[in-house]
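Enquirer: could you work out the structure for the sequence below:
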Amino acid sequence: MAHRRRKDQYTIAALDIGASKIACFIARVTHEPDLPPQAEIIGVGCHGAAVKQREAACPEQLEANIRKAVAAAEGMANMRIDRVLVASPGKALHTRRIGVDLEIADGVVTQEDIEDCLHEGARLTAPPECRTLHAVATSYRLDGEEIFNHPVGLNGATLSTEMLGVAAPQTTLDNLSTLVERCSLTPDEFVASPAAAAEATLIDDEKDLGVILIDIGGQSTGYAVYDNGALVDCGGVGVGGGHITKDIAQIFNTPMVQAERIKTLYGAALIGPGDEHRLVDFPQLGPGSDHARASRADLCEVIIPRMEEIFELVLARQSSNPLHRSGLRRAVVTGGGSLLVGAREIAEKVLSMKTRLGRPVAIPGAPDAAAAPGFAVCAGVIQCHINSAGGDQFALGVARQSPHGLSQSIFFGGVEAWLRQKF
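Expert: Below you'll find the predicted structure:
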């Protein structure tokens, strides 16, 4: 990776380009032989993107926001970065499940056999015009018998691997690369945003028992589903917290900036006692200083249907998922939109699942503000790298861009040898 400091220490940077904000984490990773790698956050930067969707989608505005977020992180870390790990938005992702059968040459499963299966799966899981970001083994069978732990060292003739491939359109990755390169940075790897958020917020027991992670962003909402400790689905829908802001602006005839402020200060996804008597001032569009008043209950009645729609769209994506039909009953909501009062209660009602708010696990050195749900993706990208450096067999694999422009898949199960070769 970039910014090599010592044989066992280097720095990495994670970049989350969202519609409502840009976040950048810089971490120092210490990786000593025979010890788990450790990360320490040394820089955090965040800059709010434009509230207007048209401006937020403007490359010049995005470039300026990225530069400000990166500069803030560099200032805190007292160093410059030139390479970043970039999160790819959930709504652009494609998933495909396949099975790979491999004949075991010597009758004993080796780590090389596992890597061969993963590499073959990554080649097969990408739809046309897409590049595989992650190739994850969801289950193994040895001579037709299901294996409930890692199969390395077991005897058998045929290893069958059930896999999930997560891919993104090549055009999406190219556009992200171009945007990042305009900021004098090189995109080192791409990571699926929902999977990164899940790595930062979910605990192992939740992954084992089955859980859906829902990351509510500004213009989209990502989701990741885990069962038996493995990622089994990943994607997103094109509705997020920004749509709630737009609804408030349209219905109460107020500017977008004021609508966002009112949503943050007074908005909720549930109506409380006395809300019909609590009045909120709404500055009106146009010249002058006219204000209109409406009750907090009226405001909540605008927010609730859109929040319900977000979870209904996610649920619709899961309606054909065998895992959901078998009784998935746990959900974790994260992202900036999850902080809206009542979001968890709406999720429980719509999804019929026990739901909790997901905050990223604290990484040493990170300020308290970086533990907010809105930073789950950045923290998760760092955590994914730590998992890979530790040789986690069930961690995510990341597709890298080779110097010749060819996509080559690096899988976290066997990435330790790759790291040693590079460093």
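Enquirer: tell me where the protein has helices.
Expert: Under the criterion DSSP state H, the chain contains helices at 53-56, 59-77, 111-125, 170-181, 193-201, 204-209, 241-252, 256-266, 296-318, 322-325, 343-351, 376-389, 415-422.
Enquirer: and among the ones you listed, the most buried is which?
Expert: Among these, ranked by average contacts under mean count of other Cβ atoms under 10 Å, first place goes to helix 193-201 (a mean of 31). C-beta: built from backbone N, CA, C; applies to glycine.
Enquirer: tilt between it and helix 376-389?
Expert: Here helix 193-201 runs at 80 degrees with respect to helix 376-389, directions being taken by axes from the mean of the first three to the mean of the last three Cα atoms, to 10 degrees.
Enquirer: do you know how far the residue nearest in space to the middle of the chain is from Ile271?
Expert: Central residue of the chain (Cα atoms, centre = their mean): Ser193, 2.3 Å from the mean position. Relative to Ile271, Ser193 is positioned 32 Å away (Cβ to Cβ, to the nearest Å).
Enquirer: cool, Asp82 as well?
Expert: 50 Å.
Enquirer: who has more neighbours, these two?
Expert: Ile271 (18 against 11; other Cβ atoms under 10 Å).
Enquirer: just checking, that one touches Cys300?
Expert: Yes: judged on Cβ atoms under 8 Å, Ile271 makes contact with Cys300 at a distance of 4.7 Å.
Enquirer: tell me where the model's unsure across this protein.
Expert: 1-7, 49-57, 289, 319-327, 389-423 (pLDDT under 70).
Enquirer: domain parsing for it?
Expert: 96-165, 204-358 (automatic domain parsing).
Enquirer: and these as JSON lines, adding distance to Thr172?
Expert: JSON lines is the format used below for the domains of the chain (distance: least, Cβ to Cβ, whole Å):
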{"stretch": "domain 96-165", "distance to Thr172": "9"}
{"stretch": "domain 204-358", "distance to Thr172": "12"}
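Enquirer: so which of those domains gets nearest Gly45?
Expert: Checking the domains of the chain against Gly45 by Cβ to Cβ gives domain 204-358 as the closest, at 16.1 Å.
Enquirer: hmm, Val152 and Thr110 touching each other?
Expert: Yes: counting by Cβ under 8 Å, Thr110 does reach Val152; the two are 6.4 Å apart.
Enquirer: who's Lys21 bridged to?
Expert: For Lys21, the beta-bridge partners under DSSP bridges are Gly48.
Enquirer: list the contacts for it?
Expert: Listed by Cβ atoms under 8 Å, 6 or more residues apart in numbering, the contact partners of Lys21 are Cys46, His47, Gly48, Ala49, Asn65, Ala69, Gly218, Gly336, Gly374.
Enquirer: which of the residues you listed are buried?
Expert: Using 16 or more other Cβ atoms under 10 Å as the burial test, those include Cys46, His47, Ala49, Asn65, Ala69, Gly218, Gly336, Gly374 as buried.
Enquirer: shouldn't the fourth one be in contact with Ile22?
Expert: Right, the one you point to is Asn65. Yes: look at Asn65 against Ile22 with Cβ under 8 Å: they come within range, at 4.6 Å.
Enquirer: give me the distance between Asp34 and Pro364.
Expert: Taken as Cβ to Cβ, the span from Asp34 to Pro364 is 20 Å.
Enquirer: the more surrounded of these two?
Expert: Pro364 (11 against 4).
Enquirer: I'd like to know how far that one sits from Glu32.
Expert: For Pro364, the distance to Glu32 - Cβ to Cβ - is 16 Å.
Enquirer: kindly report the same for Asp204.
Expert: 24 Å.
Enquirer: in contact with Glu129, which residues are there?
Expert: Per Cβ under 8 Å, 6+ apart, neighbours of Glu129: Pro169, Gln170, Thr171.
Enquirer: what of Ser295?
Expert: Applying Cβ under 8 Å, 6+ apart, the residues contacting Ser295 are Asp275, Glu276, His277, Arg278, Leu279, Val280.
Enquirer: ok, how many other residues are close to Ile203?
Expert: 12.
Enquirer: could you number the chain from 358 rather than 1 from now on?
Expert: Taking 358 as the first residue, the last one we looked at is Ile560.
Enquirer: neighbours around Pro724, how many?
Expert: That count, for Pro724 with other Cβ under 10 Å as the rule, works out to 11.
Enquirer: ok, for it, nearest residue in space, not its chain neighbours?
Expert: Nearest residue to Pro724, sequence neighbours excluded (Cβ to Cβ, 6 or more residues apart in numbering): Val401, at 6.1 Å.
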